[in-house]
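# Give me a model of this one.
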Amino acid sequence: MTQTEKFTETEIVERVINGEKSLYEIIVRRFNPYLYKVGRSYNYNHEDTQDLMQETFVDAYKSLKQFEGRSDFKTWLVRIMLNNCYHKKEKSSFKNEISQDLNINSNPMFTNSNNDTEKVIQNRELGHILEDALSEIPLDYRVVFSLREINGFNVAETANLLNITEANVKTRLSRSKSMLRNEIEKTYSTAELFEFNLIYCDAIVENVMKRINEL
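Numbers count the residues shown, from 1 in each chain. Okay, here's the model as predicted:
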């Protein structure tokens, strides 16, 4: 790892703002996998997700001076991605589904020591079954599941990102797990979900850096 790759996001942002534009590539590479999972959780296909990722990175670059560090950079960036996903859905006359469930269970589904995750963690192909199952879950539940279980945001961060209460996050997460359990009979590793193949990373980086260099 080079010295620059060890920089925190705050350090990178400061340096980019001060003229070291090339360092933005580190941001793009570092957060590609997170944004990909968010886009796929909205049921966008691979190509649309990549387009949304590029738009998000460019939007974030344009707004770097507005990043005040009140939340961590990952949260700030994912919020921009969520907004872009939402607006794209709005343009397609998408209607949000509303959670009415009240059962609360905030235990991470895939860190439950009682499940069989370790028995199947090496089987990547089976991960597609879970992706298919997730695609059948209503958007509100799917996004909460993605943020909490796949992207690793805690309850408070997820609530903040979606502008909902922490209780609602727990409710939707619990319900999403129940829905998944109804869809699948086996348990898979979260690391296998929506894995962003590194071969696509270079293309995203190239396109984003080309666009911001034209700004």
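# Check the separation of the first and last residues in stretch 63-75.
Stretch 63-75 has its terminal residues 14 Å apart, counting by CA to CA, to the nearest Å.
# List the buried residues in it.
Neighbour counts over stretch 63-75 (16 or more other CB atoms under 10 Å) mark 64, 67, 73-75 as buried. C-beta coordinates here come from the backbone N, C-alpha and C atoms, glycine included.
# Over to stretch 11-26?
Buried residues in stretch 11-26 (16+ other CB under 10 Å): 12-13, 15-16, 23-26.
# Now do the residue most central in space within the chain against Tyr24, distance only.
Geometric centre of the chain, nearest residue: Val38, 3.2 Å, by CA atoms, centre = their mean. Going from Val38 to Tyr24 by CB to CB, to the nearest Å gives 19 Å.
# same deal with Val58?
Going from Val58 to Tyr24 by CB to CB gives 10 Å.
# Equivalent analysis for Arg148, please.
In terms of CB to CB, Arg148 sits 28 Å off from Tyr24.
# do Gly39 as well
20 Å.
# Could you do Lys65 as well?
Taking CB to CB as the measure, Lys65 falls 13 Å from Tyr24.
# Over to Ile204?
As defined by CB to CB, Ile204 lies at a distance of 12 Å from Tyr24.
# Common neighbours of the two, please.
Residues touching both Ile204 and Tyr24 by CB atoms under 8 Å, 6 or more residues apart in numbering: Phe57.
# And the helices in the chain?
Taking DSSP state H, the helices of the chain run over residues 9-17, 24-41, 46-62, 73-91, 117-120, 127-135, 139-145, 155-162, 166-183, 198-213.
# Show me what the first one is in contact with.
Same thing as helix 9-17. By CB under 8 Å, 6+ apart, helix 9-17 touches 7, 23-24, 26-27, 30, 61, 64-65, 67, 69, 72-74.
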